[in-house]
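Undergrad: Sequence and predicted model, in that order:
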Amino acid sequence: MAPARSTRRAHSQNAPPPPTDPQNAPLFLEPMMGTPLTIYIEKDVDDRDDLVDLITKHGGAVSPSYSGTPYILVDPHKESGQNLFRQYAGKKGKIVLHSRWVHECVRAGALQTFQNNWAGCKVTGAENRCPSSERPSLVCSGLFVATNPAPPPGDGDHGPN
């Protein structure tokens, strides 16, 4: 007769994984496989280098080409972003998102998908396109601040008497 096996196991097998720093928590992972998401960032996105750093810091990978990746990040207020949207709108396995999606995922601490309405970052094609001479980050994003605002009511000229 064989000796009875011990029911005690080594703690190293059951130890929980070490806690991860929430600032560097892996967010950009394929939900089913846990592998890094490949994300393409269009070359005309203003803060492209910062986005590359954020994506890689949070477990994702930046693709040099948009043809082999499901996530395409653009500035929808630029012609190049609208062109990529028109090229891939409705294509199965492709989603064109505003580049701020990366920041929204990091802010939420989770990948923002269709279940979260892409954090409002899905490009629709209805975004206002800015002329190249204007600053799209201020003018077209709705954050435009007038440099010469009208005086508040009641100040200055009271109109015709």
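TA: Sure, I can see it. Numbering: from 1, shown residues only.

Undergrad: and stretch 93-103, how far apart are its ends?
TA: For stretch 93-103, the first-to-last residue distance is 22 Å (CA to CA, to the nearest Å).

Undergrad: Could you list the buried residues of it?
TA: Residues 94-103 are the ones in stretch 93-103 that count as buried (16 or more other CB atoms under 10 Å). Glycine gets a C-beta too; all of them are placed from N, C-alpha and C.

Undergrad: got the phi/psi numbers for residue 38?
TA: Main-chain dihedrals, residue 38, degrees, to the nearest 10: phi -100, psi 130.

Undergrad: Check residue 37 too.
TA: Torsion angles at residue 37 (phi, psi; degrees, to the nearest 10) stand at phi -70, psi 140.

Undergrad: Identify each of the helices in the protein and give its residue range.
TA: With DSSP state H as the criterion, the chain has helices at 11-14, 48-57, 79-88, 101-108, 136-139.

Undergrad: comparing those helices, which gets the lowest mean pLDDT score?
TA: Lowest mean pLDDT within the helices of the chain: helix 136-139, a mean of 41.

Undergrad: just to revisit the earlier point, now distance to residue 129 too, for the buried residues of stretch 93-103, in JSON lines please.
TA: Putting those into JSON lines (distance: CB to CB, whole Å) gives the following:
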{"residue": "94", "distance to residue 129": "21"}
{"residue": "95", "distance to residue 129": "20"}
{"residue": "96", "distance to residue 129": "14"}
{"residue": "97", "distance to residue 129": "17"}
{"residue": "98", "distance to residue 129": "13"}
{"residue": "99", "distance to residue 129": "15"}
{"residue": "100", "distance to residue 129": "17"}
{"residue": "101", "distance to residue 129": "19"}
{"residue": "102", "distance to residue 129": "22"}
{"residue": "103", "distance to residue 129": "22"}
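
Undergrad: Cheers, nothing more for now.
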